[in-house]
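Peer 1: can't give you the sequence, but here's the structure:
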């Protein structure tokens, strides 16, 4: 069993500052340690300030990493949308069946908002208030 974590520069009794959601979503991640690496995995949990990724291959502790979490489009186009995060590997876990790494960083959802609003060609049906009709 192997667990490595970065020291926390500001120790606190409540380490996590954002709500974490247990989601299993496909992920593509990249890092450079002299060579460019691109691997894939699945999220274990996701928060606004980071993510834990299950993967048999992972960047070293302290590495800068770029992540794209793939989510289904809210429209029925079948297209996946990506949410991007740039951060630092703060935890590496290798416990046999559970292998992966934690990243602290922020998600950039501006491009996702533009993409979703750009796809707003599919309009929701307009709801008409009929409660006052015929009065």
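Peer 2: Now that the structure is in, tell me what you want to look at. Computed from a predicted structure; not experimentally measured.

Peer 1: same for the biggest strand by length in the chain, what does it pack against?
Peer 2: The single longest strand within the chain, with elements called by DSSP state E, is strand 80-95. Judged by 3 or more CB pairs under 8 Å, 6 or more residues apart in numbering; DSSP states H and E, strand 80-95 is in contact with strand 2-5, strand 50-54, strand 64-72, strand 98-108, helix 110-118. Every C-beta, even on glycine, is put in place using the N, C-alpha and C of the backbone.

Peer 1: tell me what residue 39 is bridged to.
Peer 2: Beta-bridge pairing for residue 39 (DSSP bridges): residue 29.

Peer 1: what's around the residue nearest to residue 73 when sequence neighbours are not counted, how many residues?
Peer 2: Residue nearest to residue 73 in three dimensions, not counting chain neighbours: residue 79, with 4.7 Å by CB to CB, 6 or more residues apart in numbering. Counted with other CB atoms under 10 Å, the neighbours of residue 79 add up to 10.

Peer 1: one more: residue 25?
Peer 2: 18.

Peer 1: so what's it up against?
Peer 2: Residue 25 sits next to 42-43, 46, 69-71 when contact means CB atoms under 8 Å, 6 or more residues apart in numbering.

Peer 1: so how far is residue 56 from residue 96?
Peer 2: Going from residue 96 to residue 56 by CB to CB, to the nearest Å gives 11 Å.

Peer 1: rewinding a little: ranking the helices and strands packed on strand 80-95 by mean pLDDT, which is last?
Peer 2: The minimum mean pLDDT among the helices and strands packed on strand 80-95 belongs to strand 2-5 (a mean of 53).

Peer 1: quick one: low-confidence parts of the protein?
Peer 2: Applying pLDDT under 70 to the chain picks out residues 1-17, 109, 111-135.

Peer 1: rerun that using 50 as the cut-off
Peer 2: Scanning the chain for pLDDT under 50 picks out the ranges 1, 9-14, 120-133, 135.
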